[in-house]
Structure formats: structure tokens, C-alpha cells
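In: Can you look at this prediction? I've put the sequence above it.
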Amino acid sequence: MSLPILYSLRNCPYAMRARIALFKAQLQISLREVVLSNKPKEMLKVSKKGEVPVLVMGNESGSSIVIEESLEVMLWALAKSDPDNLLYLHDPHALPNMLKLITQFDNKFKACLNTYKCAKRYRENNITECRQACEIYIQQLENRLADSSCQTPFIMSDQESLVDIALLPFVRQFAKVERQWYLKSPYPKVRLWLNRYLQSIMFTKVMAKHNVWVGMSE
């Protein structure tokens, strides 16, 4: 069978974390970089949402399996192959706890982050309040990272997990809104954690530029 196809957008945080999970799982895929202003008909045919990421796989019967949510792509990939044990399979309670934290950030933190980015973009006068709403969640991460005695702590423990790679793209966005404030902010553990990822070979490979895929020729 042909390789799974991932429709992706380089800087979309949801597509980014899907690519990270696929990289961590060491799975080969065919990546199709798209632009949302000119979505290829092949993507729209399998996913009416018209958003990335979209993972398309063939099966033995010749039909397609489509995964349209980034977290589901991550879980699918790591269920296939998890060489770093990001799902903490040794602990039956770990995955529910991870998913609970990821859901909190996907829903509450992401809403605050969107408001914060808009306040910066449109130079609104409530940017401090918007940032402080985000900081409630950043402080949670700081506390978790500070609880570890390890020199390279991760969010759930001293071992990397699904949570780290799921939240990474959104914390990266937060760090870019008011860069100078962030560099002096009272979150040294978060900065260290984020920088390790941003400077890693993994991140360089996941963020490699690809030519835009325009679709199959008629």
C-alpha cells in the first residue's frame, strides 16, 4: 500500500504537532504542503472541513481512512510506534491525565492565546489583561517543570510525553506575541523547556520547508 498522506501547513500549530508525533513515531508519510487560500480538491474530497492537518490512509479493501483532528493523528501515530514511550504505557492512568491537560490547553489556553494575539495585532489597550489570562496556564507549566529535580525536566515528569509535543506549538506562539516581555518573564523553566525543542534537530526537520502541493494534474 502507498504511504499515508498528510495535508499540512508549515506554521499551523495543529499541523505542527501532528508532524512532530509522526516524526517521533518514525513513520514514513507523504507530506502535502497546502495553502488554505487555494485548497487542493483532493484534500476537500476527503475532508469537507478544509482545515489541516488531514491524514489519509488506504487500507487493504481499497477504501480510505481519514483522520482530521491533530490529537487523533498524534494518538494514531504513537499507537503504531512509540519508541520514546511518550504515552507512558507503563502507567495505565497516565494517558487519561495527559489528555485532560491537553484538552484544558486546547480549549481554555488556546482561546486566551487567540485573544492575546489579536490584542497585539490590533494594538488594543487590553493586551496586558489578555496576556495575564494566558499566564494562568503558563504558570501551571512553570510549576510542573520546577517540581522536577532533573536538569532537563518535562511537563509530566522527567520523561518526555505526549503532553510536551502537543503543547509545544502553542507555547511557541505565546512566546512570540511580546518577545521582549517573554524573555524577561518569570518563567525560566518554560523558556528552557521551549528553547530545547526549538533548537533541536527534531524541530528543524519537522519545520523544513516544502514546496506547495497544488494537486494532481488532470
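Out: All right, it came through fine.
In: Val214: what's its closest spatial neighbour, skipping adjacent residues?
Out: Leaving aside its sequence neighbours, Val214 sits nearest to Pro40 (C-beta to C-beta, 6 or more residues apart in numbering; 6.4 Å). To be clear about C-beta, it is placed using only N, CA and C from the backbone, and glycine gets the same treatment.
In: Tell me how far the one you found lies from Met57.
Out: 18 Å (C-beta to C-beta, to the nearest Å).
In: The residue nearest to Val214 and Val54 touch, don't they?
Out: No: with contact defined as C-beta atoms under 8 Å, Pro40 does not reach Val54; the gap is 10.6 Å.
In: Any buried residues in the longest helix seen in the chain, and which?
Out: The single longest helix within the chain, with elements called by DSSP state H, is helix 127-146. Residues of helix 127-146 classed as buried by neighbour count (16 or more other C-beta atoms under 10 Å): 127, 130-131, 133-135, 137-138, 140-142, 144-145.
In: Now do it, average pLDDT.
Out: In this model, helix 127-146 has an average pLDDT of 98.
In: so what secondary structure elements neighbour the next helix or strand after that helix?
Out: Next along the chain after helix 127-146, taking DSSP states H and E as the criterion, comes helix 162-177. Counting contacts by 3 or more C-beta pairs under 8 Å, 6 or more residues apart in numbering; DSSP states H and E, helix 162-177 is packed against helix 13-24, helix 70-80, helix 94-104, helix 110-121, helix 127-146, helix 179-183, helix 188-198.
In: what does helix 162-177 contact?
Out: Contact with helix 162-177 is made by 13-14, 16-17, 20-21, 24, 71, 74-75, 78, 86-87, 95, 98, 101-102, 105, 109-110, 113, 116-117, 120, 131, 134, 138, 141, 154-156, 182, 190-191, 193-194, 197-198, as judged by C-beta atoms under 8 Å, 6 or more residues apart in numbering.
In: ditto for stretch 103-119
Out: So stretch 103-119 is contacted by 71, 124, 126-127, 130-131, 133-134, 136-137, 166-167, 170, 173-174, 177 (C-beta under 8 Å, 6+ apart).
In: just stretch 13-20 next, same as before
Out: 6, 8-10, 31, 51-53, 55, 70-71, 73-74, 77, 165-166, 168-170, 172-173, 202-203, 206-207.
In: one step back: could you single out the most deeply buried of the helices and strands packed on helix 162-177?
Out: Of these, the one with the most neighbours on average (mean count of other C-beta atoms under 10 Å) is helix 13-24, at a mean of 24.
In: Please work out the angle formed by the directions of that one and helix 94-104.
Out: 160 degrees (axes from the mean of the first three to the mean of the last three C-alpha atoms, to 10 degrees).
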